[in-house]
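Peer 1: got a predicted structure plus its sequence, pasted below:
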Amino acid sequence: MKFVKALILACIVSLPTLADTAEDKVAIKAAVFDYFHGQGEASHDRLFRAFDADNATMVGVTKADDGKDAVRSWKDMNEVLRSWSANASPAGGNRDGAIISTNIVDDRLAVVLFRSTDRFYDALTLGKVNGQWKIIAKAFVLQ
């Protein structure tokens, strides 16, 4: 009987943690799709809501002029986000993208793997900054 009481108590104590994780997953998903759709819509508001632009960085495996793979980095995400939001011919909001996986560590750090059909794969690192999930790093490879 003591074991059953201990098990029930453990479940009750863990409920707030499960609720926080569910809320965190919803907030993380919202940040990721603000980024994805913000880029597709050239939406300044969505992009800057998704990223901690003053501190975030981006690195990607792209193609060099000679066609070989090359690693490129962007240290000023404010500049990148302004460029994305100034796109005169954005791809639109109907693009296909999906979260492949989400891992949350210590309720303050998350890693999301994201797929954009026929375009790229992202590894997004998000941090919980003052209660809000923000993208703090983006690494990508082109498809």
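Peer 2: The structure has been received and is ready for your questions.
Peer 1: check contacts around residue 120.
Peer 2: Contacts for residue 120 (Cβ atoms under 8 Å, 6 or more residues apart in numbering) come out as 60, 140-143. The C-beta positions use only the backbone N, C-alpha and C, and glycine is treated the same way.
Peer 1: top of these by neighbour count?
Peer 2: residue 140 (18 neighbours; other Cβ atoms under 10 Å).
Peer 1: please name the nearest non-neighbouring residue to that one.
Peer 2: Take residue 140 and drop its neighbours on the chain: the residue closest to it by Cβ to Cβ, 6 or more residues apart in numbering is residue 60, 4.3 Å away.
Peer 1: how near is that neighbour to residue 105?
Peer 2: Distance, residue 60 to residue 105, by Cβ to Cβ, to the nearest Å: 23 Å.
Peer 1: just residue 65 next, same as before
Peer 2: 39 Å.
Peer 1: and residue 58, by the same measure?
Peer 2: Residue 58 sits 21 Å away from residue 105, going by Cβ to Cβ.
Peer 1: and the two? Which one has more around it.
Peer 2: residue 58 (20 against 8).
Peer 1: how about the helix or strand harbouring that one: buried residues?
Peer 2: Applying DSSP states H and E as the criterion places residue 58 in strand 57-63. Judged by neighbour count (16 or more other Cβ atoms under 10 Å), strand 57-63 contains these buried residues: 58, 60.
Peer 1: can you list the strands that it pairs with?
Peer 2: strand 69-74 (antiparallel), strand 132-142 (parallel) (DSSP bridges).
Peer 1: of these, flag the one that's most buried.
Peer 2: strand 132-142 (a mean of 19; mean count of other Cβ atoms under 10 Å).
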